[in-house]
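**Student:** please work out how this folds:
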Amino acid sequence: MGFPNYRRFWIGGVLTNNGRWVQYVTTYFIVYRITGSAAWVGMAGFSTFIPVLLMNPLAGYVSDHFDRRRVLLAINSLCSLLAAAMALTWAAGGRNVGIWMLLLLVGGFVYGVQLPTWQSFVAECVPREHLRNAITMNSIQFNAARTFGPALGGLLIGTLGPGWALTLTAVLYGPVLVALLRIDPATLYRPQRSAGADGRGRSAVVSDYRESIRYVMNEPGIRAAIITVALISTAGQPIVQQIVVFAEEVFEVSPFWFGILGSAQGMGALVAAPLVAGELSQLRRSRVQLVATSGYGLAIVMFALAPSFWVGFGALALIGAMHLASATNLNSTVQLQVVDELRGRVMAIYLMGVLGLSPFANLLMGWLISILGPRPVVAGSGLIVVAGGLVLQLTGQYARLDRD
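**Tutor:** Below you'll find the predicted structure:
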């Protein structure tokens, strides 16, 4: 945090990402209240994340060929306007689920451009020798938002209503915009632009994307990181959207306690943050990943079988701790192994691993829960994560994470 640009961006990110989590829990709550269906909650997750997948080639191109600071200013401004539009829609009596699916789709397209740009901009705020610590702190701020944001969203939903929760989201995009405006571009640690980055020599989106795919295929460590994160995001991450179903149908609690339950993952990550930033950062990344993936899957099973609200809360907290360890570990692997001129495009491919199959997994999980119930479906997902992690260990994929 000794670098002013990074400090400003980090503080702005904490506040803004709190707003984003308020928006997530509010929109999923709205969809569930309108439809009463876990399948529609899964559809909401699909509508949120399928645009991110579709935008992947363009997002990487934008990140590598345009000023990242200006891109983030534009994108976060659009996100604020979209949150305001959601608040107005609710206030105007918009209770048609199709309208909300459309709003989530639009938000997904906007957010799809932001993700790789945000991750790549972190590398511009600090010297390379401090990059791993910056990545860890970036992961911590995302998870800090996961702690407070859902709880705040649940409190606002239960007291003032979803409209005010979405209004706050629109306001909370302001801090990161202020932070970006205060950053002096001349003091950023920017790599040399590639020859095709500007003017008439600008390379095409498709050819750039093909180049980055070839690069990833020839880098075993980056490839292993993408395979690992794809496993976790496909089998594990969809439970985030289904927490509202556990709150309403399994634990039968109020909207406020739904928000508290949604904050459990972030709280667990915050508790684990000193360990992740300290002792774990000194260990081989392969060992950290084996523990994180196995622990992630077992915690999902624990949540699925939780006999009470607080046992479920503890299981989600453990998921958050394992998520922080895994996300920081895999993100560090990619950021430390990639060459600067391909950073944005490779981060876009990595984020496709994070979100690539997640929209379809959300649909499948929502559909299965509507038929079989939440407990067996979520428990099965956890067992898939554990089994997948063991396969990756036995086939030597994790060992490739240690290469720099």
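**Student:** can you pull the contacts of residue 76?
**Tutor:** Residue 76 sits next to 16, 114, 173, 176-177, 180 when contact means Cβ atoms under 8 Å, 6 or more residues apart in numbering. Placement of C-beta: from N, CA and C, glycine included.
**Student:** show the buried residues in these.
**Tutor:** Burial by neighbour count, 16 or more other Cβ atoms under 10 Å: within these this picks out 16, 114, 173, 176-177, 180.
**Student:** can I get those in TSV including distance to residue 161, secondary structure and pLDDT?
**Tutor:** Output for the buried ones among the contacts of residue 76, formatted as TSV (distance: Cβ to Cβ, whole Å; DSSP: H, G, I helix; E, B strand; the rest coil; pLDDT from 0 to 100):
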residue	distance to residue 161	secondary structure	pLDDT
16	22	helix	93
114	28	helix	89
173	20	coil	95
176	26	helix	95
177	26	helix	96
180	31	helix	96
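**Student:** next, count neighbours for residue 336.
**Tutor:** Residue 336: 17 surrounding residues under other Cβ atoms under 10 Å.
**Student:** try the one 3 residues further on
**Tutor:** For residue 339, the tally of surrounding residues (other Cβ under 10 Å) stands at 11.
**Student:** next: residue 285.
**Tutor:** Number of residues near residue 285 (other Cβ under 10 Å) recorded here: 26.
**Student:** try the one 4 residues further on
**Tutor:** Here the count is done by other Cβ under 10 Å, and residue 289 has 28 residues near it.
**Student:** ok, residue 93 next?
**Tutor:** Counted with other Cβ under 10 Å, residues neighbouring residue 93 total 7.
**Student:** and residue 368, by the same measure?
**Tutor:** Residue 368 has 19 nearby residues by other Cβ under 10 Å.
**Student:** wait, doesn't it sit right on residue 379?
**Tutor:** No. Residue 368 is beyond contact range of residue 379, at 11.5 Å (criterion: Cβ atoms under 8 Å).
**Student:** secondary structure class for residue 93?
**Tutor:** Following DSSP: H, G, I helix; E, B strand; the rest coil, we place residue 93 in the coil state.
**Student:** can you read off the pLDDT for it?
**Tutor:** Each residue has a pLDDT score; the one for residue 93 is 93.
**Student:** for the remainder of this discussion, apply numbering that starts at 441.
**Tutor:** Yes, from this point I'll number from 441; that puts the last item at residue 533.
**Student:** residue contacts, it?
**Tutor:** By Cβ under 8 Å, 6+ apart, residue 533 has no neighbours at all.
**Student:** and it, its phi and psi?
**Tutor:** phi 90, psi 20 (degrees, to the nearest 10).
**Student:** which one is residue 541 nearest to, not counting chain neighbours?
**Tutor:** Closest residue to residue 541 apart from its sequence neighbours, by Cβ to Cβ, 6 or more residues apart in numbering: residue 487 at 4.8 Å.
**Student:** residue 716 in helix, strand or coil?
**Tutor:** Secondary structure state of residue 716, per three-state DSSP, is helix.
**Student:** residue 482 touches residue 806, doesn't it?
**Tutor:** Yes. The pair formed by residue 482 and residue 806 meets the contact definition of Cβ under 8 Å, at 2.0 Å.
**Student:** looking at these two, which one has more neighbours?
**Tutor:** Neighbours of residue 482 and residue 806, each counted by other Cβ under 10 Å, are more numerous for residue 482; the result is 27 against 24.
**Student:** for that one, give its distance to residue 786.
**Tutor:** With distances taken as Cβ to Cβ, to the nearest Å, residue 482 is found 30 Å from residue 786.
**Student:** same question, residue 609
**Tutor:** For residue 609, the distance to residue 786 - Cβ to Cβ - is 30 Å.
**Student:** what segments of the stretch 741-844 of the chain are strands?
**Tutor:** With DSSP state E, counting those that start in this stretch as the criterion, the stretch 741-844 of the chain has no strands.
**Student:** which residues of the stretch 491-640 of the chain fall in helices?
**Tutor:** Ranges of helices within the stretch 491-640 of the chain are 496-505, 508-531, 537-565, 571-599, 602-612, 614-622, based on DSSP state H, counting those that start in this stretch.
**Student:** same check, this time on the stretch 641-790 of the chain
**Tutor:** With DSSP H, counting those that start in this stretch as the criterion, the stretch 641-790 of the chain has helices spanning 645-657, 660-675, 679-685, 695-717, 725-744, 749-777, 783-795.
**Student:** excluding sequence neighbours, find me the nearest residue to residue 839.
**Tutor:** Closest to residue 839 by Cβ to Cβ, 6+ apart is residue 726, at 5.1 Å.
**Student:** where among the helices of the stretch 491-640 of the chain is the average confidence lowest?
**Tutor:** The bottom spot among the helices of the stretch 491-640 of the chain, by mean pLDDT, belongs to helix 571-599, with a mean of 80.
**Student:** that one vs helix 695-717, what angle?
**Tutor:** Here helix 571-599 points in a direction 170 degrees away from that of helix 695-717 (axes from the mean of the first three to the mean of the last three Cα atoms, to 10 degrees).
**Student:** helix 571-599: which residues count as buried?
**Tutor:** Buried, per 16+ other Cβ under 10 Å, within helix 571-599: 571-598.
**Student:** need the contacts of residue 516 in CSV with distance to residue 531, can you?
**Tutor:** Formatted as CSV, the contacts of residue 516 follow (distance: Cβ to Cβ, whole Å):
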residue, distance to residue 531
456, 23
554, 26
613, 19
616, 25
617, 24
620, 29
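**Student:** among these, find me the one that's closest to residue 661.
**Tutor:** Distance to residue 661 across the contacts of residue 516 (Cβ to Cβ) is lowest for residue 554, with 25.6 Å.
**Student:** quick check: the closest one touching residue 518?
**Tutor:** No. Contact criterion Cβ under 8 Å: residue 554 and residue 518 do not qualify, at 9.0 Å.
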